[in-house]
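> Need a 3D model of the following:
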Amino acid sequence: MPRWSQRVDVPGIGVVHLCGSRPRARRCSTAGCRRTATYQCDYPVTRAGKAATCDRWLCQCCRTSVAPDRDFCLPHARSWDIE
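Numbering: from 1, shown residues only. Take a look at the predicted model:
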């Protein structure tokens, strides 16, 4: 079922109904945190033999900024300090 619908009178066509879903807000993937996430982990990983990034969703409080425009999740921030 759509999350919203709107009835619109279009001149020359008649009444139409617009329906759709609102995008869901992303939630922080840190255990126990359900804040809205606006960052993704940029830690380099390998997926299917190709270079990629972790991409775990993070909120402002749970991210660790290691460089300008580069944020890590807590587990990757800990491993970054070791290396």
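
> Where does the prediction get shaky in this protein?
The model of the chain has pLDDT under 70 over residues 1-4, 22-23, 81-83.

> Now do the strands in this structure.
Ranges of strands within the chain are 4-10, 14-20, 39-40, 44-47, 50-53, 57-58, 64-67, 70-72, based on DSSP state E.

> Pull out the buried positions in the fourth one.
Read that as strand 44-47. Residues of strand 44-47 include none that count as buried (16 or more other Cβ atoms under 10 Å). (C-beta placed from N, C-alpha, C; glycine too.)

> Need the residues that contact that strand.
Under the contact criterion Cβ atoms under 8 Å, 6 or more residues apart in numbering, strand 44-47 has outside partners Ala51, Ala52, Thr53, Cys54.

> how about JSON lines for those, with distance to His17 added?
Formatted as JSON lines, these follow (distance: Cβ to Cβ, whole Å):
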{"residue": "Ala51", "distance to His17": "46"}
{"residue": "Ala52", "distance to His17": "41"}
{"residue": "Thr53", "distance to His17": "41"}
{"residue": "Cys54", "distance to His17": "41"}
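
> Buried only: go through these for me.
Applying 16+ other Cβ under 10 Å to those flags Cys54 as buried.

> With distance to Arg27 added, can I get the strands of the chain in CSV?
Listed next are the strands of the chain as CSV, based on distance: least, Cβ to Cβ, whole Å:
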stretch, distance to Arg27
strand 4-10, 21
strand 14-20, 21
strand 39-40, 12
strand 44-47, 21
strand 50-53, 19
strand 57-58, 7
strand 64-67, 18
strand 70-72, 16
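
> re earlier: of the contacts of strand 44-47, which pair is most distant in space?
Comparing all pairs in the contacts of strand 44-47 by Cβ to Cβ, the longest separation belongs to Ala51 and Cys54, at 11.9 Å.
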